[in-house]
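Asker: With the sequence up front, the predicted model follows.
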Amino acid sequence: MFEKNTSPVHPFFAANRNSAAIHTDGPPDVQLQPDGGTQQQPQTMPCASSVSIGGLAPFNHSSLSAADKESWGTYLGVTSQMNVGPGPNHSGHCMKEQLTTVSNNCPAQVYARGGETASQPCTGNRCLDINRYGSAGDASTHSMLSDGPASFIDMHRTRHHNSLLQGSGVSACSVVCDQIYLCDRTNATTGRFRITRNYQAGSYTKADGTTMPITTGTVTKVLMP
């Protein structure tokens with residue numbers, strides 16, 4: 001879910017050091033279940049041993065409202081509903097992702113976190129709860145999916161108030177990551193996935209007629225053989 005890497009601090013990071021404009025993945029936006037909860041259920045069900053893609057909801061800068069398009073210079077991602085098995089209920093467990101870099105031709109400013117000096121293009125450190133949210137994903141683009149007793153939500157999103165490709169010397173690049181999950185951080189599961197982030201420089205015409213640079217593109221996630 002998270003991506004970061006080693007790089008000197010880019011000028012826009014210095015300018016936004018005290019802001020909340022982290023441009024790599026974070027937790028999904030959440031709509032709570034009617035019972036209120038993001039509380040985990042008691043761990044009485046077996047740990048999952050398989051993972052598959054149940055649904056995908058991609059989004060990018062063009063998916064935003066007119067007001068949000070002017071607020072975000074970089075926006076792209078995909079919300080994924082991940083199904084687990086073999087049983088019908090694995091509530092109370094979490095799925096820890098592990099990511100490895102397959103390829104990367106992007107400048108470090110695209111995937112590094114503001115102010116960080118040591119990271120990699122593909123890293124993940126969250127254990128994603130099964131049956132936790134009810135509905136989760138990217139609320140700004142309405143790219144929300146539901147979890148349940150045999151599913152969890154994983155979101156891969158890059159966003160920043162600045163265009164991350166601006167001043168980089170490239171107009172397009174990609175980062176490719178392979179992903180597996182461990183149930184409760186230690187138990188191996190079947191299912192290997194490839195996440196590809198294709199970044200594309202562009203421009204957006206604002207309501208006042210001026211243009212702003214943007215970074216848009218696509219994020220895809222597929223099951224690997």
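Answerer: Now that the structure is in, tell me what you want to look at. Residues are numbered from 1 along each chain as shown.
Asker: can you map out the strands along this protein?
Answerer: Along the chain, counting by DSSP state E, strands occupy 29-31, 50-60, 74-85, 94-104, 127-129, 135-138, 143-146, 151-160, 172-183, 187-188, 193-205, 211-223.
Asker: hey, least reliable of these by pLDDT?
Answerer: In terms of average pLDDT, strand 29-31 trails the rest of the strands of the chain, at a mean of 65.
Asker: Check the spacing between Lys206 and Asn60 real quick.
Answerer: Applying C-beta to C-beta, to the nearest Å, the value for Lys206 to Asn60 is 18 Å. (Glycine included, C-beta is placed from N, CA and C.)
Asker: and those two? which has more neighbours close in?
Answerer: The neighbour count for Lys206 versus Asn60, taken as other C-beta atoms under 10 Å, is higher for Asn60 (24 against 11).
Asker: Could you list everything the residue nearest the centre of the chain pairs with in the sheet?
Answerer: Closest to where the C-alpha atoms of the chain average out (C-alpha atoms, centre = their mean) is His156, at 1.6 Å. With DSSP bridges applied, His156 shows beta-bridge pairing to Val78.
Asker: Then Lys221?
Answerer: Under the criterion used (DSSP bridges), Lys221 bridges to Ile195.
Asker: In this structure it contacts Val78, no?
Answerer: Yes: if you go by C-beta atoms under 8 Å, Lys221 and Val78 touch, sitting 5.8 Å apart.
Asker: quick one: common contacting residues for those two?
Answerer: Contact with both Lys221 and Val78 is made by residues 56, 156, according to C-beta atoms under 8 Å, 6 or more residues apart in numbering.
Asker: And these two? Which one has more around it.
Answerer: Higher neighbour count among Lys221 and Val78: Val78, with 23 against 19, using other C-beta under 10 Å.
Asker: got the contact list for the more buried one?
Answerer: 56-59, 143, 155-157, 219-221.
Asker: for those residues, which one is nearest Cys106?
Answerer: Checking the contacts of Val78 against Cys106 with C-beta to C-beta, the nearest one is Val219 at 13.0 Å.
Asker: how far away is the closest residue to the closest one other than its chain neighbours from Pro121?
Answerer: Spatial nearest neighbour of Val219, excluding adjacent residues (C-beta to C-beta, 6 or more residues apart in numbering): Val78 at 4.4 Å. Between Val78 and Pro121 the distance is 17 Å, computed by C-beta to C-beta.
Asker: so Ser62 makes contact with Thr218?
Answerer: No: counting by C-beta under 8 Å, Ser62 sits too far from Thr218 to count as a contact (10.8 Å).
Asker: circling back: can you tell me which of the contacts of Val78 are buried?
Answerer: 57-59, 143, 155-157, 219, 221 (16 or more other C-beta atoms under 10 Å).
Asker: can you redo the residues you listed as CSV with distance to Ser135?
Answerer: Below are these laid out as CSV (distance: C-beta to C-beta, whole Å):
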residue, distance to Ser135
Ala57, 11
Pro58, 17
Phe59, 15
Ser143, 11
Met155, 12
His156, 18
Arg157, 16
Val219, 20
Lys221, 19
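Asker: quick check, nearest of these to Leu128?
Answerer: Using C-beta to C-beta, the buried ones among the contacts of Val78 come closest to Leu128 at Met155, 9.4 Å.
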